[in-house]
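[1] I need the structure of the sequence given here:
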Amino acid sequence: MYKELLDMRVRSIFILILVLVLFFIVAPFQNLAVSMLKSMQGDEMLARFGLNSVFIEKLKEWEFFITTQWYGKNFGQVIPIIAIVIAFPLFARERENQTMEFLLTRSSRLKVFYNKCFTGFLVLMFILITAGFLPLIYSIFADKHIDVSLVLKFTFHALVGGAFWYSLTLMFSVISSDHVRPLLTSLGMLALTTVLGQLKPLKFINTFRYILGYSIFESGTIDTVYSLGLISLAALLCFASCRIFIKTDI
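    The predicted model follows:
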């Protein structure tokens, strides 16, 4: 596990810094964002995105501002990409650099798989939990109010959505012999499911609706059915990846 942590330290630290920078570009500038939007009221482009006067007025409320602009926009939109970037080189890069044979002479295939899979998963969870709790930590220091249960619900959606894209990319990494292919394939799948998910009959394949917390905004509750579906798929993908890795010749 120590080797895996060393291998992913650069991109993990880079992602964490990027998330922190993104948050501090959004959170401290609530008043500026609201005043800019108010000055643009009546603009046709804003109306197309649903930014009407009622919405802009509600942005003055801290809880509404931070949930819509952080969980429902900036952080939410990068969750699948964070998961993909963490997972894509885990196995493929070892094959490309021809170091997988060396690893397998020192440990069993099962142990190599678990070390890589769980280390990447723990790093991903750490980043997503940190980003998910940033609004709560900031609210305490800035003397603002945010409902803790809302933070927990949005963070739960982030963790489940991130786990799904991590497990999907992990499988592409297991079956690939170069590290570019799982990255491009995963990004392609993300784009494809997002575009096709705009069609009403296929909207269930658009994971962004879940990750951005549509059900939390609409009903205040976690989407239990979709959560269980993504968790089941993630577990299935990890199990399939493990079996493929154990059975495939290196």
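[2] tell me what the helix of greatest length in the chain is packed against?
    When the chain is parsed with DSSP state H, its longest helix is helix 109-141. In this structure, helix 109-141 packs against helix 2-7, helix 9-26, helix 62-66, helix 75-87, helix 148-175, helix 224-247, with contacts taken as 3 or more Cβ pairs under 8 Å, 6 or more residues apart in numbering; DSSP states H and E. C-beta: built from backbone N, CA, C; applies to glycine.
[3] what about this structure, any weak spots by pLDDT?
    2, 41-51, 250 (pLDDT under 70).
[4] gap between the residue nearest the centre of it and residue 157?
    The centroid of the chain falls nearest to residue 79 when counting by Cα atoms, centre = their mean (1.9 Å). Distance of residue 79 to residue 157, given as Cβ to Cβ, to the nearest Å: 9 Å.
[5] shared neighbours, the two?
    residue 211 (Cβ atoms under 8 Å, 6 or more residues apart in numbering).
[6] got a list of what the residue nearest to the centre of the chain touches?
    Going by Cβ under 8 Å, 6+ apart, the list of residues near residue 79 reads 128, 158, 161-162, 165, 211.
[7] next, format the residues you listed as a markdown table and append distance to residue 26 and neighbour count.
    Below are the contacts of residue 79 laid out as a markdown table (distance: Cβ to Cβ, whole Å; neighbours: other Cβ atoms under 10 Å):
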| residue | distance to residue 26 | neighbour count |
| --- | --- | --- |
| 128 | 17 | 24 |
| 158 | 15 | 26 |
| 161 | 19 | 26 |
| 162 | 19 | 29 |
| 165 | 22 | 25 |
| 211 | 17 | 26 |
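[8] closest to residue 121 out of the helices and strands packed on helix 109-141?
    helix 148-175 (6.4 Å; Cβ to Cβ).
[9] buried set for the closest one?
    Counting neighbours by 16 or more other Cβ atoms under 10 Å, one finds that the buried residues in helix 148-175 are 150-151, 153-175.
[10] buried sites along the helix or strand following it?
    Helices and strands here follow DSSP states H and E; after helix 148-175, the next one along the chain is helix 180-196. Buried residues in helix 180-196, counted by 16+ other Cβ under 10 Å: 181-183, 185-187, 189-190, 193.
[11] columns distance to residue 8 on top of those residues, output as JSON lines?
    JSON lines is the format used below for those (distance: Cβ to Cβ, whole Å):
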{"residue": "181", "distance to residue 8": "19"}
{"residue": "182", "distance to residue 8": "14"}
{"residue": "183", "distance to residue 8": "14"}
{"residue": "185", "distance to residue 8": "20"}
{"residue": "186", "distance to residue 8": "16"}
{"residue": "187", "distance to residue 8": "18"}
{"residue": "189", "distance to residue 8": "22"}
{"residue": "190", "distance to residue 8": "20"}
{"residue": "193", "distance to residue 8": "25"}
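[12] with these in mind, which one is nearest to residue 115?
    Out of these, the member with the shortest distance to residue 115 (by Cβ to Cβ) is residue 182, at 18.3 Å.
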